[in-house]
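>>> I would like the atomic coordinates for the input below:
(3 chains)
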Amino acid sequence: MIDINGLAFGYSHRKDLFKDLNLKITSGKIHGLLGLNGAGKSSLLHLIQGLRFADEGSIKVFGLSPKQRDIKHLQQSFLLPEEVYTPDISMKQYIDMYSPFYPLFSLESFLQFLNEFELDRSAHLGQMSMGQKKKAVIAFALATNTKILLMDEPTNGLDIPSKKQFRKILSHIITDDRTFLISTHQIRDLHSLIDNVIAISNGHIIFNQSINEIVDSLHFSLDGKPSSSDDLIYHERVPGGYLNISPSTGIPSFEPDLEVLFNAIMTNNSAINQAF
Amino acid sequence: MNFRPPAPIFLQIAEHIIQLIISGDWKEGDRIPSVRDFATDVEVNPNTVVRTYNLLSQEGIISNKRGVGYFLNENAKKLSTTYLKKQFINEELPYFIKMMKTLELDFEDLKKEYNEHK
Amino acid sequence: MTYSIKRVQFLMKNEIKQKWRVFSIIVAISFAIAIFYYFNKDFSVISLLSPSTFGSFSNNGFSIFTGSDGFKFHLNWLPQVLLYSSSILTSLAFSEYHLKESATFNLAIPATRAEKWSAKAFLFIVVFPVILILFYQVFIWLTTIWTTPDSITQVKVNIFDPYFRSFYKDVILMQCLMLGGAILYKKYSILKIVLLLIGLYMLYNFLTIVSLVIINEDVDLFGQGSVLDLFSLDNTINNSKLRRSNSGGSLMGIPDNIFMYIVATISILFSYLRFKEIEA
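Numbering: from 1, shown residues only, chains lettered A, B, ... in the order given. Model prediction:
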């Protein structure tokens, strides 16, 4: 669905943000995009949406180049930025003005999502708090029913009940022909939803595995001390002792802590990838 | 010394379902929630629930009637107990035994505690 | 290539819904300033301070409206005010594409680049100026209704009067130029585009003089019209200023106003090409 080959991209202040980045994203999954601050997560989402243009290499979305901002692409792809922008209008006007552009938009779903986020449908966007605005735009984004949903830190600024509703809605609407790509630092908000982990660092994709593969290939254990085993990939101090990651040995594995996994990827990437 | 962090989500869900079957909340022959409904209910990715349902199908506890949904098999309760027993013996017990060793508890101590809790 | 009139209509409707306030404020302020100014100043000053844009629409023939109570009113400045205020508005045509958040939002709206651009162009070159001109007509009607005129000198009370044709042409040219400036400059686009135009204008006048001198051997540089006249901004370039030195006859040269047509065409093309490449 999304196919990136040899992508190079940079800004004037940061010339080589991406160099030869390759990434294939298949449909039917919720992909979690992880990376340090400034690793280029948002830029990657912008490039996929066609808001920024690649310096080199190719990006194909539905076989189209995002740079063209083809109508067939934009009708089927929604980018939810971290800081949402809304014109200073009422929610009703927002729907009247922008929903006609999305052929699969469902008003019924939108109203249902608003309800779940406890937002009043008659409210004015200009008078909402940032978090409420974000919820309104999330409700709109989800109701557009686009095949691709790119979300940049969607849970930032959401209150606790809304995070829960967000997870509920997302788990309900993901289907085999849709792709959600979520960039996040708040991995614990979303870890039960993400079924593919993508990590980006130094201009490359350094990790791209499904949760099933992670569960089957890595062994997470909690111990009183760092494991003395030779094949220990990574260990981290946690309140209960040390969380150790080693290649799976077939014995029952534990729920991978994605935050710890991310730290492991950043510190010992080659050993992690060898385990797969 | 080892502690036990939570199992992978798909196994947590399997255990949750099995508890429901053993307690009789879910009855043999009943239709169980669809993958999507269950996923929404517990806020997980539907693919995770698919993996759980596949596991339970392999164990013979549930089966998929094409186009209708998943149902509990006739002997689901018995198989569930077997599954949970296996799970307990393979995973819980080793920790338990290790803990007994660490605390230097013997069977007599346990017997006393067991009788108190009965 | 897909092009949907329906989507263009939606885009224009959305733009109006978002910009009608700014639009009204700009027009209201221009009117207020103009009315205040023209009621308080001597008309001889006006003729100096209200140069026609490119010379083609000149205020030859004062259109003075004199009311029964000594109320005097100069009506032909009104189209000028309309022209300036719509220019200010058009210079802000692409403002939402110059801020990161709103650019992200607007670029992602599912419409083709041609649809988005043409909605802008039609709105700012045609729709808004037409609204302003209708506004002018209404204003004149109201004025003639409310004040009993003692005398009206050359007042054009009908917007279909041939007198306005060159004005409409000026409006369209100006909007085209502003549209290019609006996408080129992020801040103070109206000032920058005016400065750019002055620069281009001077350059063009200079080149015109040079070419006229080359084409025609007997140019009277310091005769009836002077070279310096060509650099005054209220004059379009044309070949009637300079005359032949021996006969005083007209020179072979360039048709009137061709400069503005060329620049406006480049500007409008530029605005589309630049819009296609805009990033958030």
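
>>> which residues in the chain form helices?
I went with chain A, as the question did not name one. All helices of chain A, identified by DSSP state H, fall at A:41-49, A:71-74, A:91-98, A:107-116, A:130-143, A:160-173, A:187-190, A:211-217, A:258-267, A:269-274.

>>> Wait, chain C was what I had in mind.
Listed in chain order, the helices found in chain C under DSSP H are C:5-40, C:43-49, C:77-91, C:100-107, C:113-121, C:128-146, C:165-184, C:189-215, C:258-276.

>>> List the contacts of the residue of the stretch 1-150 of chain A found nearest chain B.
Of the stretch 1-150 of chain A, the residue with the smallest distance to chain B, taken as Cβ to the nearest Cβ, is residue A:30 at 5.7 Å. C-beta here means a position set from N, CA and C on the backbone, and glycine is covered the same way. When contacts are counted by Cβ atoms under 8 Å, 6 or more residues apart in numbering or on different chains, residue A:30 touches A:170, A:174, A:180, A:182, A:193, A:194, A:195, A:196, B:45.

>>> For the nearest residue to the fourth one once chain neighbours are set aside, the count of nearby residues, please.
Counting by Cβ to Cβ, 6 or more residues apart in numbering or on different chains, residue A:182 lies nearest to residue A:151, which is 4.6 Å off, once chain neighbours are set aside. Using other Cβ atoms under 10 Å in any protein chain shown, residue A:151 is surrounded by 25 other residues.

>>> Residue A:151 pairs with what?
Residue A:151 forms beta bridges with residue A:80, residue A:182, as assigned by DSSP bridges.

>>> what separates it from residue A:62, distance-wise?
Residue A:151 sits 19 Å away from residue A:62, taking Cβ to Cβ, to the nearest Å as the criterion.

>>> Tell me, what's the model's pLDDT at the residue most central in space within chain B?
In chain B, the C-alpha nearest the mean C-alpha coordinate belongs to residue B:15, at 2.3 Å (Cα atoms, centre = their mean). Each residue has a pLDDT score; the one for residue B:15 is 91.

>>> what ranges do the helices span in chain B?
Assigned by DSSP H, chain B shows helices spanning B:9-22, B:35-42, B:46-58, B:76-87, B:93-103, B:107-117.

>>> export these to a markdown table and tack on distance to chain A?
Rendered in a markdown table, the data for the helices of chain B read as follows (distance: least, Cβ to the nearest Cβ, whole Å):
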| stretch | distance to chain A |
| --- | --- |
| helix B:9-22 | 6 |
| helix B:35-42 | 4 |
| helix B:46-58 | 5 |
| helix B:76-87 | 9 |
| helix B:93-103 | 10 |
| helix B:107-117 | 23 |
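
>>> Contacts only, for the closest residue to residue A:45 other than its chain neighbours.
For residue A:45, the nearest residue in space outside its immediate sequence neighbours is residue A:150; the separation is 4.5 Å by Cβ to Cβ, 6+ apart. Residue A:150 is in contact with A:45, A:48, A:49, A:77, A:78, A:79, A:80, A:181, counting by Cβ under 8 Å, 6+ apart.

>>> Would you mind listing what in chain A touches chain B?
Within reach of chain B by Cβ under 8 Å from any Cβ of the partner chain, chain A has these residues: A:28-30, A:164, A:167-168, A:171-172, A:174, A:192-195, A:211-212, A:215, A:220-224, A:240-241, A:243, A:252-257.

>>> one more time with 6 Å, if that's ok
Taking Cβ under 6 Å from any Cβ of the partner chain as the criterion, the neighbours of chain B within chain A are A:30, A:167-168, A:171-172, A:192-193, A:195, A:215, A:222-224, A:240, A:252, A:254-255.

>>> So among these, where is pLDDT lowest?
Within these, pLDDT is lowest for residue A:252, at 62.

>>> least trustworthy helix or strand in chain A by mean pLDDT?
For chain A, counting by mean pLDDT, DSSP states H and E, strand A:218-223 ranks last in confidence among helices and strands (a mean of 86).

>>> Run through who's touching stretch C:16-27.
Contacts made with stretch C:16-27 from outside it, assessed by Cβ atoms under 6 Å, 6 or more residues apart in numbering or on different chains, are listed as A:87, C:85, C:88, C:89.
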